[in-house]
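Undergrad: The sequence and its predicted three-dimensional model are supplied below.
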Amino acid sequence: MKGFRQSAADEFEIRRGIAPEHVDVAAVHLLQAFSTKLLVALGDSKRAADYLKRAIDPANALCAIGPGDALYGVVGLKTTKTSFLSGGFDQLRAVYGTPGAIWRGLLLSVLEHRCPPGAQHIECIVVTESARGLGVGTALLDAVIANARQDGAAAVSLEVVNTNANARRLYERIGFVPIKTVSLGPLRRVFGFDAATTMELKLDS
C-alpha cells in the first residue's frame with residue numbers, strides 16, 4: 001500500500017512491509033521505545049537489538065517512509081498465522097545460548113498476545129523521535145484499519161500498558177474500546193508497569 005499524508009512540515013509515505021535496509025533501524029527504534037518492557041528479558045542493548053533483528057518478520061508490518069528514504073515509523077501486525085515478532089527459541093538461543101534462551105523465552109511469553117480468528121492484532125507501533133508531531137502514528141493506525149478491512153478482518157486489537165495514558169487517549173479517539181485488563185501482579189516489578197489493557201476496534205462487515 002502506498003499513500004501520502006501531508007503535514008505542515010513534511011510528507012511521508014505508508015508502505016506495506018519493511019525494506020531490508022530498514023530492518024536494523026526498526027529493531028533499534030523498537031528497543032528504544034519499549035526498553036523498560038524488553039530489556040528485562042533481553043538484557044543489554046547490543047544483544048537485545050541482535051535478537052530483534054532476527055525475530056522481526058518484515059512482511060508483517062507497515063512503515064512510514066520520509067524524504068531521503070528515512071524510516072519514520074513502524075507498526076507490526078499479528079494474525080492467527082503470522083507475526084511481526086516471529087522469533088522463537090532458535091533465535092533466542094543464537095544470541096543468548098540455551099540456558100539464557102530458556103528463561104528469557106518464559107519471560108517473553110508473559111507479554112505474548114493470542115490473536116483470535118478473524119482479527120488482526122497490533123503487536124507494536126513505533127514513531128521515530130525525529131518524526132513525532134507529523135501525524136505518523138495516526139497515519140499508521142489508519143493504514144492498519146484500512147488494510148484489515150481490505151483483508152476481511154472482523155476487528156483490530158492492540159494492548160496498551162497503564163503507564164502510557166497518551167497512547168490510550170489516541171486509541172480511544174480513533175475508536176478503540178477497552179475489552180480486558182490484565183494485572184501483572186508481582187511481575188510489575190520486572191516489567192515496569194502494573195497492567196495491560198486490550199483494546200479493540202470492530203470493523204464494518
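TA: Now that the structure is in, tell me what you want to look at.

Undergrad: now the strands for the protein?
TA: Secondary structure of the chain (DSSP state E): strands at 4-6, 11-16, 61-66, 70-78, 119-127, 155-161, 177-183, 195-202.

Undergrad: would a markdown table of the ones you listed with distance to Trp103 be doable?
TA: C-beta here means a position set from N, CA and C on the backbone, and glycine is covered the same way. As requested, the strands of the chain are exported to a markdown table (distance: least, CB to CB, whole Å):
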| stretch | distance to Trp103 |
| --- | --- |
| strand 4-6 | 43 |
| strand 11-16 | 35 |
| strand 61-66 | 28 |
| strand 70-78 | 24 |
| strand 119-127 | 22 |
| strand 155-161 | 22 |
| strand 177-183 | 21 |
| strand 195-202 | 21 |
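
Undergrad: among the ones you listed, which gets the worst mean confidence?
TA: Of all these, mean pLDDT reaches its minimum on strand 4-6 (a mean of 44).

Undergrad: follow-up on the earlier one: is it possible to export the strands of the chain to CSV including mean neighbour count?
TA: Listed next are the strands of the chain as CSV, based on neighbours: other CB atoms under 10 Å:
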stretch, mean neighbour count
strand 4-6, 12
strand 11-16, 18
strand 61-66, 23
strand 70-78, 24
strand 119-127, 23
strand 155-161, 21
strand 177-183, 12
strand 195-202, 18
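
Undergrad: hey, where'd the helices end up in this structure?
TA: Using DSSP state H, the helices of the chain run over 20-33, 35-42, 45-55, 89-110, 136-150, 165-174, 188-191.

Undergrad: Run a quick neighbour tally on Val25.
TA: Burial of Val25 is recorded as 17 neighbouring residues (other CB atoms under 10 Å).

Undergrad: For the nearest residue to it once chain neighbours are set aside, give the beta-bridge partners.
TA: With sequence-adjacent residues excluded and distances taken as CB to CB, 6 or more residues apart in numbering, Val25 is closest to Leu71, at 5.1 Å. On the basis of DSSP bridges, Leu71 is bridged to Ile65.

Undergrad: from what I can see Ala26 touches Ala19, true?
TA: No: in this structure Ala26 lies outside contact range of Ala19 using CB atoms under 8 Å: 9.7 Å.
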